[in-house]
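Engineer: coords below, sequence missing:
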Ligand SMILES: Nc1nc2c(ncn2[C@@H]2O[C@H](COP(=O)(O)OP(=O)(O)OP(=O)(O)O)[C@@H](O)[C@H]2O)c(=O)[nH]1
């Protein structure tokens with residue numbers, strides 16, 4: 001099934017997922033019920049008391065056999081003793097009954113509590129997932145609706161599919177930040193598609209646009225690995241690059257918060273010794289999140305700060321090191337030398353590090369972000385992109401532009417200024433949201 005069809009299906013599958021979730025909850029209740037059924041039943045209790053009665057009868061029979069050999073007095077005493085024993089046994093019987101009842105009630109209570117706990121856990125897990133999804137959706141709302149509404153307004157003025165239409169489409173796509181080359185490529189592919197399908201109606205043209213964009217997006221992403229990579233053994237090192245003000249330091253703070261929440265021991269390294277205030281800004285994030293920060297005075301050699309941080313990490317008390325660097329694009333040679341030196345020092349101490357070189361790009365800067373990315377790609381081995389401030393743009397097309405023009409996977413997205421406003425990027429989900437409202441319902 002093509003992604004376009006999956007897109008269409010995704011909207012109906014959502015409901016199925018909910019039904020499945022509900023069924024899972026129901027099955028927990030059923031499990032709990034099954035455990036209740038496994039608990040000792042009244043039949044078993046009856047069995048126990050009938051065993052007790054049998055043993056009393058045996059006891060009585062044995063004693064009857066001996067009766068003839070006993071004197072009257074002995075007989076009376078014996079009978080009295082027998083009565084006592086029977087009474088005791090009856091008491092035992094009653095005690096056993098009530099003990100079994102108490103046990104049963106306790107077991108029922110435990111099972112009930114357990115199933116309630118399970119239900120609660122399930123509900124709170126689902127709630128947490130829902131909250132995350134809601135926050136994610138809300139953060140992306142603006143950027144996702146942008147491209148859709150731009151194409152919708154283009155289609156609102158739609159008369160016929162002619163050269164003017166394609167020119168307007170190109171302009172719309174460029175405006176939506178899909179990138180210049182990408183806009184040309186999409187509109188060219190569309191010319192062929194529309195001709196091939198002989199699309200004339202508005203809904204046919206709209207579907208053809210979405211189909212082609214999704215197809216190209218999928219094709220471009222075939223070789224992309226959007227997972228974050230961690231050391232298989234020993235500490236992980238992530239290096240952050242990007243120009244001033246794009247949200248690098250904020251991203252490091254948010255990621256430190258995320259990993260700390262997951263129980264990882266995090267160390268930050270303030271290797272942006274160039275910009276006044278950058279060290280303090282990172283130290284402040286360290287304080288806020290409650291993680292250690294390695295720093296030196298302003299204008300120190302960034303590589304020497306990294307050296308100290310790596311040495312500290314190697315002592316064994318940390319799981320992950322997040323390194324902040326200065327992004328001086330205006331001086332490309334310096335930047336290249338600096339990043340090379342930093343990488344060399346990290347590698348010498350931890351050969352498979354850095355495990356990620358993450359480039360922070362400000363989504364609100366559109367074409368500029370793409371240009372910056374190309375520059376950084378030429379000076380260092382960028383393994384992933386952190387697309388920040390995606391909450392602040394109404395032009396979601398940048399995600400398409402990054403993929404088709406850079407071939408670097410977007411791994412994280414920033415959706416606000418707070419600690420928790422960072423998400424692992426899910427390309428499929430994003431694209432579903434981007435094009436969801438463009439798919440005609442009548443097809
Ligand atoms: N709305 C929004 N604002 C963000 C996001 N990420 C960062 N910011 C804001 O962007 C501004 C710049 O962020 P910084 O983290 O200082 O940027 P930087 O890249 O580290 O800049 P330098 O420290 O100058 O290198 C700050 O005001 C942040 O609060 C985001 O995802 N959404």
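Structural biologist: Ah, there it is. Here the structure is a predicted model, which is why all the values come from computation and not from measurement.

Engineer: Quick one: low-confidence residue ranges for the chain.
Structural biologist: Residues of the chain that meet the criterion pLDDT under 70 lie in 1-137, 139, 143-144, 329-330, 436-443.

Engineer: Quick check, the residue in it closest to the ligand?
Structural biologist: In the chain, the residue that lies nearest the ligand is residue 414 (2.4 Å; CB to the nearest ligand atom). In short, each C-beta sits where N, CA and C put it, glycine included.

Engineer: Look at that residue and say how many residues are nearby.
Structural biologist: A count of nearby residues for residue 414, using other CB atoms under 10 Å, gives 25.

Engineer: Flag every residue of the stretch 101-250 of the chain that's near the ligand.
Structural biologist: Residues of the stretch 101-250 of the chain lying near the ligand by CB under 6 Å from any ligand atom: 242, 244-250.

Engineer: okay, those residues in a markdown table with neighbour count and secondary structure next?
Structural biologist: Listed next are those as a markdown table, based on neighbours: other CB atoms under 10 Å; DSSP: H, G, I helix; E, B strand; the rest coil:
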| residue | neighbour count | secondary structure |
| --- | --- | --- |
| 242 | 28 | coil |
| 244 | 14 | coil |
| 245 | 13 | coil |
| 246 | 27 | coil |
| 247 | 22 | coil |
| 248 | 28 | helix |
| 249 | 25 | helix |
| 250 | 23 | helix |
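
Engineer: quick one: terminal-to-terminal distance for stretch 156-167?
Structural biologist: 15 Å (CA to CA, to the nearest Å).

Engineer: Which residues does that stretch contact?
Structural biologist: Residues from elsewhere that reach stretch 156-167, judged by CB atoms under 8 Å, 6 or more residues apart in numbering: 187, 190-191, 194, 199-200, 202, 205.

Engineer: cool, and stretch 313-321?
Structural biologist: If you take CB under 8 Å, 6+ apart as the criterion, stretch 313-321 is touched by 230, 235-238, 259, 264-269, 292, 309-310, 312, 349-350.

Engineer: mind listing which of the residues you listed are in helices?
Structural biologist: 259, 309-310, 312, 349 (DSSP state H).

Engineer: Next, the buried residues of stretch 223-239.
Structural biologist: Judged by neighbour count (16 or more other CB atoms under 10 Å), stretch 223-239 contains these buried residues: 226, 228, 235-239.

Engineer: Would you reformat the residues of the stretch 101-250 of the chain next to the ligand as a markdown table and include distance to residue 404?
Structural biologist: Converted to a markdown table, those look like this (distance: CB to CB, whole Å):
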| residue | distance to residue 404 |
| --- | --- |
| 242 | 21 |
| 244 | 27 |
| 245 | 26 |
| 246 | 21 |
| 247 | 23 |
| 248 | 24 |
| 249 | 29 |
| 250 | 27 |
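
Engineer: Among these, which pair sits farthest apart?
Structural biologist: By the measure CB to CB, 244 and 250 form the most distant pair in those, at 12.2 Å.

Engineer: just to revisit the earlier point, greatest separation within the buried residues of stretch 223-239: which pair is it?
Structural biologist: Taking CB to CB as the measure, the buried residues of stretch 223-239 span a maximum distance of 22.7 Å, between 226 and 235.

Engineer: Give the burial count for residue 274, as a bare number.
Structural biologist: 18.

Engineer: per the record, what domains does this protein have?
Structural biologist: 25-128, 236-424 (automatic domain parsing).

Engineer: And the longest one, end to end?
Structural biologist: For domain 236-424, the first-to-last residue distance is 18 Å (CA to CA).

Engineer: does residue 411 sit in a helix, a strand or a coil?
Structural biologist: strand (DSSP: H, G, I helix; E, B strand; the rest coil).

Engineer: count of residues packed around it?
Structural biologist: Residue 411 has 22 nearby residues by other CB under 10 Å.

Engineer: wait, it sits on residue 423?
Structural biologist: No - counting by CB atoms under 8 Å, residue 411 does not reach residue 423; the two are 10.3 Å apart.

Engineer: joint contacts of the two?
Structural biologist: Shared contacts of residue 411 and residue 423 (CB under 8 Å, 6+ apart): none.

Engineer: the helices in the stretch 251-400 of the chain, which residues?
Structural biologist: Using DSSP state H, counting those that start in this stretch, the helices of the stretch 251-400 of the chain run over 278-289, 302-312, 332-349, 367-379, 398-406.

Engineer: and these, which is most packed in?
Structural biologist: Compared across these, helix 398-406 shows the largest average neighbour count, a mean of 24 (mean count of other CB atoms under 10 Å).

Engineer: Show me the contact partners of that one.
Structural biologist: Identification of contacts with helix 398-406 by CB under 8 Å, 6+ apart yields 143, 177-179, 181-182, 185, 213, 216-217, 220-221, 224, 361, 363, 366, 369-370, 373-374, 377, 385, 387, 408-410, 427, 430-431, 434.

Engineer: before we move on, back to that, next step: the contacts of stretch 156-167 restricted to helices.
Structural biologist: Using DSSP H, the contacts of stretch 156-167 in helices are 187, 190-191, 194, 202, 205.

Engineer: Adding neighbour count and distance to residue 339, write the residues you listed out as TSV.
Structural biologist: Converted to TSV, the ones in helices among the contacts of stretch 156-167 look like this (neighbours: other CB atoms under 10 Å; distance: CB to CB, whole Å):
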residue	neighbour count	distance to residue 339
187	21	37
190	24	40
191	16	42
194	19	46
202	14	50
205	23	46
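
Engineer: Residue 341: which of the residues you listed is nearest?
Structural biologist: Distances from residue 341 to the ones in helices among the contacts of stretch 156-167, taken by CB to CB, are shortest for residue 187, at 44.1 Å.

Engineer: Name the nearest residue to that closest one, sequence neighbours excluded.
Structural biologist: Nearest residue to residue 187 in three dimensions, chain neighbours excluded: residue 170, at 4.8 Å (CB to CB, 6 or more residues apart in numbering).

Engineer: List the buried residues of the one helix or strand that neighbour maps to.
Structural biologist: Following DSSP states H and E, one finds residue 170 within helix 163-175. For helix 163-175, burial by neighbour count (16+ other CB under 10 Å) applies to 165, 169-170, 172-174.

Engineer: Run the angle between it and helix 398-406 for me.
Structural biologist: Orientation check (axes from the mean of the first three to the mean of the last three CA atoms, to 10 degrees): helix 163-175 against helix 398-406 gives 90 degrees.

Engineer: what about stretch 365-380 and the ligand, touching?
Structural biologist: No - Stretch 365-380 lies out of reach of the ligand by CB under 6 Å from any ligand atom, never closer than 11.3 Å.

Engineer: what's next to that stretch, contact-wise?
Structural biologist: For stretch 365-380, contacts defined as CB under 8 Å, 6+ apart pick out 177, 179-180, 241-243, 246, 327, 329, 332, 335-336, 339-340, 343, 357, 359, 361-363, 382, 385, 393, 395, 398, 401-402, 405-406, 408.
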